[in-house]
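K.L.:
Predicted model and sequence follow; I will ask about them next.
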Amino acid sequence: MPTANQINVNSGDTLLLVGTMKGAFLFRSDGARDKWEEAGPYFPGRAVYSLAYDARKGRRRLWAAVNSLHFGSFLSQSDDYGKTWSDPETYNIKFPEGSETSLKQIWQIAQGHPSEPDTLYCGVEPAALFKSTDAGETWALERGLFDHPHRTQWQPGGGGLCLHTILPDPVNPERLFVAISTGGVYRTDDGGKN
C-alpha cells in the first residue's frame, strides 16, 4: 500500500496511531474495518515513543513524542490528521533551570480526567511527570513526584529510568496513578501535590 501524507477521517472511523523507532504512522478504517488506509511516516528516522489523540472540546489534535539522538525530545501536534505538524522553536517539555536534570525522552502522553478537558500529562525519562492545564500550550514539572523521597533510590530498568504509564482515575479527578520503570507505582490523591 503506498504511503500517503494525509488520511481523511470521518465520524465513526477507527484511527490507529503507531509510533516506531523510524517515525510515526496513522491508520484509518471505517466501521467495517475491512481495509485500512495508511499515512506516514511522519518524522522519518526519529523515534516516536508515544502518540495520542485529543478530541475533547471539539479538538482533532494528534500529539507525537518525537525523539532525536542529536536534538533531543519534544512534543509536536497536528490539528489536521498529520497534514501539518508543529515544529516548536524551543522544546516544550523541559526541566526547570537549577534542577540539574535534562530531558532524555518523552515516553507517555495522557489526557487528564474527563472533567478537565484542557489537562494533559507527559511521562518522561529521567522519570518525572509534566502537566499542562491549557491544552498543551505550556507545561510544568509536577514537583510532588519529582521531590519524592524515593526518587534517589530509583534505578533504570531495561528501557531506562522512565515514567512510562499514566492513569487518571475515571471517578476522582484528584487521583492519578503513574508507573516508573523499576521505581514502582505511585498514586496521588491531591492532584499531584503529594
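P.N.:
Looks like it arrived, so ask away. Here the structure is a predicted model, which means the values were calculated and not measured.
K.L.:
Report the secondary structure state of the residue nearest the centre of the chain.
P.N.:
The centroid of the chain falls nearest to Ile109 when counting by C-alpha atoms, centre = their mean (2.0 Å). Following DSSP: H, G, I helix; E, B strand; the rest coil, we place Ile109 in the strand state.
K.L.:
Quick check: the gap between it and Arg143.
P.N.:
According to C-beta to C-beta, to the nearest Å, Ile109 and Arg143 sit 20 Å apart. Every residue, glycine included, has its C-beta placed from N, CA and C.
K.L.:
rewinding a little: the residue nearest to the centre of the chain: what's its closest spatial neighbour, skipping adjacent residues?
P.N.:
Spatial nearest neighbour of Ile109, chain neighbours left out: Ala52 (4.0 Å); criterion: C-beta to C-beta, 6 or more residues apart in numbering.
K.L.:
got a list of what the one you found touches?
P.N.:
Residues counted as contacts of Ala52 (C-beta atoms under 8 Å, 6 or more residues apart in numbering) are Leu17, Leu62, Trp63, Ile109, Ala110, Gln111, Leu120.
K.L.:
do the same with Gly184
P.N.:
His150.
K.L.:
Same question for Ala65.
P.N.:
19, 48-51, 73-75, 105-109, 122.
K.L.:
swap in Asp34?
P.N.:
For Asp34, the contact set (C-beta under 8 Å, 6+ apart) is empty.
K.L.:
which SSE is it in?
P.N.:
Under the assignment given by DSSP states H and E, Asp34 is not contained in any helix or strand.
K.L.:
I'd like the distance from it to Thr14, if you could.
P.N.:
Asp34 is 11 Å from Thr14, by C-beta to C-beta.
K.L.:
Likewise for Arg46?
P.N.:
The spacing between Arg46 and Thr14, counted by C-beta to C-beta, is 26 Å.
K.L.:
higher neighbour count, those two?
P.N.:
Using other C-beta atoms under 10 Å as the criterion, Arg46 and Thr14 rank with Arg46 on top: 22 against 13.
K.L.:
Specify the residue ranges that define each domain of this structure.
P.N.:
1-82, 93-194 (automatic domain parsing).
K.L.:
so where's the chain uncertain?
P.N.:
Regions of the chain meeting the criterion pLDDT under 70 cover residues 1-5.
K.L.:
Many thanks, we can stop here.
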